[in-house]
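Trainee: Need coordinates for the following:
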Amino acid sequence: MATIVPFKAVRPTRDKAALVTSRSYDEYSPAELASQLDYNPFSFLHVLNPAYVNQQKLSGATRFTSVNLKYQEFKTEGILKEETAPVFLLYEIQSRNNTFTGIIAATSIADYKNNIIKKHEDTLSYRVEYFKDYLHQTGFNTEPVLITYPQNNTLQQWITERKQRRPLHLFSSLNKDKHTLWRIRDAEEIQWLQKQFDNIPALYIADGHHRSASAEMLYDQDKETGNENLNYFMSFLISEHDLKIYEYNRVIHSLHGLKKENLLEALAVDFEIENKHLELWKPEQKFEFGMYMDGEFYALRLKNRVFTSVREALDAQILYDNVLHPLLGITDLRSDVRIEYLPGSRPITMLKELVDSYEDAVGFTLFPASIEEIKALADNNLIMPPKSTYIEPKFRSGLVVYEL
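Mentor: The predicted structure is shown next:
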């Protein structure tokens, strides 16, 4: 059974939510970031980049201390306020093409350790350590782990009915997404929600493997302090039917000494190849791959389909095993400088433009992995290849803060 608990969330005041919240810090170009920091004094980006006003570059513990001080300043000035009692929150993101609704709650480190909260991605130890230090020094987290649960009609009915009530926050962001937040503070309703998750045998991390691993490391380091908040980490829980799973497409900057004709000949061993010429073609089903090279698009369809594990049958793994590694010399999908990734949410024209910007490049498009594949990997303690999935929704920084 899965454990969720309410917590004393910190959030913007009703009148400033649209001004405070931001996209993830890493998503801003330098120009966008400068614009937000120059003209919006309420942006949570000031908390995440507190040295901007002095044009300083801080690193390590000095930066983390400054982040904490700026966060406390936002609270002192009344930009952020803390709930007087533990709550759950219901959050909806409505974009042009999708609507996502989920529950913001604290999830259990014990469940994470006991594999009730299951993982499908590997983590980099230096990133886990770095974010652990960040949490330890700043004392808060505003980026919840995205966790999915099996479709539950009872929960879905409750969410539908609960959304009819007056929201706590309702605002639009600059990308024209609509954000709505409801507060769940009634004791009976909180207990009812907890009971629903008591009946769910497993939860699955969709996005945020490094954040959850850092929370576990922080717990192991500081648990003797008696801080109860360390026993949990903030999560955004959403039904598996409501996730949007995109692929990560690949651009290889050079053909590893091959000519176009040589590569096509080598690919023909494992794939049926159809020249799509100028058609902006993407895979329409599993075991299909798109390729763009020398101004033309190709459809690649896998011929042989004999696999010994769930991981081997992943399209991202098939592409690596049959093309990227043996033909193009890509060994490390994380660190090879010759490979670049584009999330499938971006138009295929971006991949075309990127390939065309190199003299001797090739691009590959994949069919998105399914939630069934992700769960099968997690259930079998297997790990996806790096950059296999780009999953939405993405959470707004500064909307909800979990203090440690």
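
Trainee: before we move on, which element is Ala213 in?
Mentor: Assigned by DSSP states H and E, Ala213 belongs to helix 209-222.

Trainee: Which parts of that helix count as buried, going by neighbours?
Mentor: For helix 209-222, the buried set under the neighbour-count rule, 16 or more other CB atoms under 10 Å, comprises His209, His210, Arg211, Ser212, Ala213, Ser214, Ala215, Glu216, Met217, Leu218, Tyr219. Where C-beta positions appear, they are placed from N, C-alpha and C, glycine not excepted.

Trainee: got it, and stretch 312-331?
Mentor: 313-320, 322-324, 327-328, 330.

Trainee: Now do the helices in the stretch 301-404 of the chain.
Mentor: With DSSP state H, counting those that start in this stretch, the ranges of helices along the stretch 301-404 of the chain come out as 315-319, 348-356, 371-379.

Trainee: Residues contacting stretch 302-310, please?
Mentor: Here stretch 302-310 makes contact (CB atoms under 8 Å, 6 or more residues apart in numbering) with 270-272, 287-289, 313, 318, 322, 373, 376-377, 380, 382.

Trainee: Show me how to select, in PyMOL, the buried members of those.
Mentor: A single PyMOL command suffices to select whichever of the contacts of stretch 302-310 are buried according to 16+ other CB under 10 Å:
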select buried, resi 270+271+288+289+313+318+322+373+376+377
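
Trainee: now do the same end-to-end measure for stretch 385-402.
Mentor: Its start and end residues considered, stretch 385-402 measures 31 Å (CA to CA, to the nearest Å).

Trainee: where's that stretch relative to the chain centroid, distance-wise?
Mentor: 3 Å (CA atoms, centre = their mean, to the nearest Å).

Trainee: average model confidence for it?
Mentor: Mean per-residue pLDDT for stretch 385-402: 95.

Trainee: do stretch 208-216 as well
Mentor: Averaged over stretch 208-216, pLDDT sits at 97.

Trainee: Stretch 164-183 now?
Mentor: Regarding stretch 164-183, the rounded mean pLDDT is 95.

Trainee: Can I get it in PDB? Just the C-alpha atoms.
Mentor: Extracted in PDB, the C-alpha atoms of stretch 164-183 (Å, rounded to 0.1, in the frame of the first residue of the first chain):
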ATOM      1  CA  GLN A 164     -16.400  22.200  -9.300                       C
ATOM      2  CA  ARG A 165     -15.600  24.000  -6.000                       C
ATOM      3  CA  ARG A 166     -14.000  27.500  -5.800                       C
ATOM      4  CA  PRO A 167     -10.300  27.300  -6.400                       C
ATOM      5  CA  LEU A 168      -7.500  28.700  -4.300                       C
ATOM      6  CA  HIS A 169      -5.600  30.000  -7.300                       C
ATOM      7  CA  LEU A 170      -6.600  30.500 -10.900                       C
ATOM      8  CA  PHE A 171      -4.200  32.200 -13.300                       C
ATOM      9  CA  SER A 172      -2.600  31.900 -16.800                       C
ATOM     10  CA  SER A 173       1.100  31.800 -17.500                       C
ATOM     11  CA  LEU A 174       2.900  33.600 -20.400                       C
ATOM     12  CA  ASN A 175       2.800  30.500 -22.600                       C
ATOM     13  CA  LYS A 176      -1.100  30.700 -22.300                       C
ATOM     14  CA  ASP A 177      -1.400  27.600 -20.000                       C
ATOM     15  CA  LYS A 178      -4.200  27.900 -17.400                       C
ATOM     16  CA  HIS A 179      -3.300  26.800 -13.900                       C
ATOM     17  CA  THR A 180      -5.900  26.000 -11.100                       C
ATOM     18  CA  LEU A 181      -5.200  25.000  -7.600                       C
ATOM     19  CA  TRP A 182      -7.600  23.700  -5.000                       C
ATOM     20  CA  ARG A 183      -6.800  23.200  -1.300                       C
END
